[in-house]
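*Asks:* Build me a model from this:
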Amino acid sequence: MNRDEAKVFLNSAFVGGILALMFMKEMIPSIVFGIGKGIATLSMYIKRPQDLLVRASGFLVMSTGIETYSGSPWFKLFFVVFFAWIAATYVLAYIVRVKFATDFVERYLIGFAIVGAIPAFILTYPHSQSAIRYILYLLLSLAILYLAYITSSYISSIVRKDDRITPLPMPNIKPQEDVYTKDLKRLIENFVKKGDKTPLVVFILRNLPPRIENKHIIEAMKPLVEYQPPTFSLLTPPWITEKRLRKEQARRAKILRDVLNKLNL
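*Replies:* Model (predicted):
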């Protein structure tokens, strides 16, 4: 574990421990819960699909932390089952990813979590006849937990050192003035960081050497013209979205390198 990963782990564990302490008011369960949250957050540094198993381990540790809580039996049982269910869902996501090469379960993980939380609430609540009435309170609690994860993920992204994208080779087009060069750099940066391809496509087509044949232009430009940025469901957890966006920047950089190399720019 390098220094940046250690910072992210400690920050995430601290935030998770404080949140747990606010609810459980016991030190040991809160510390174990925080460690589990730190492990789950570290999955952003693990390659796919093994990161799913790391996150499952983190939620399992969180479930274990709640198991050591000596307070309300109903509170403890529900959250032990709930976090264990999330851990199992991540394991399922890993299996589906490996066997069928799809991220369906991971993309809709929050939906799976809610589906598991509602029956867990009904089954563990001591007065089952009144359980349905409290479903709204449960959904509110889940919303608070979700916002807490969004906040902690944002803090982790600030503490974590930004991933470095390998600088793109500049085209060998001789600039006529400095503004030209600045515009080219800006267009490349906008595409790699934001996925804005249209201005870059127009720029490349306007500045192609006359010797290149149309069929070669079509073949070279096709990956760039057909590129579409990824879309994310509202049920996709924010830490997954963040990780995929970072990977997408690297993919866009590779697409552009290939295009420029094929055009001999």
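*Asks:* Would you mind giving both backbone torsions of residue 69?
*Replies:* According to degrees, to the nearest 10, the main-chain angles of residue 69 amount to phi -70, psi 140.
*Asks:* now the one 5 residues further on
*Replies:* Summarising the backbone geometry of residue 74 under the convention degrees, to the nearest 10, its torsions are phi -70, psi -50.
*Asks:* wait, isn't it in contact with residue 121?
*Replies:* No - judged on C-beta atoms under 8 Å, residue 74 makes no contact with residue 121 at a distance of 9.6 Å. Using the backbone N, CA and C atoms, a C-beta is placed for each residue, glycine as well.
*Asks:* higher neighbour count, those two?
*Replies:* residue 121 (22 against 13; other C-beta atoms under 10 Å).
*Asks:* State whether the more buried one and residue 81 are indeed in contact, as I suppose.
*Replies:* No - using C-beta under 8 Å, residue 121 and residue 81 do not qualify as a contacting pair, with a distance of 9.1 Å.
*Asks:* who does whichever strand or helix holds residue 114 touch, helix- and strand-wise?
*Replies:* Using DSSP states H and E, the secondary-structure element containing residue 114 is helix 109-124. Here helix 109-124 touches helix 73-100, helix 128-131, helix 135-159, going by 3 or more C-beta pairs under 8 Å, 6 or more residues apart in numbering; DSSP states H and E.
*Asks:* Please identify the buried residues of that helix?
*Replies:* 109, 110, 112, 113, 116, 117, 118, 120, 121, 124 (16 or more other C-beta atoms under 10 Å).
*Asks:* Tell me how far that helix lies from the chain's centre.
*Replies:* Helix 109-124 sits 22 Å away from the centroid of its parent chain (C-alpha atoms, centre = their mean, to the nearest Å).
*Asks:* report the angle between the axes of it and helix 73-100?
*Replies:* Here the directions of helix 109-124 and helix 73-100 differ by 140 degrees (axes from the mean of the first three to the mean of the last three C-alpha atoms, to 10 degrees).
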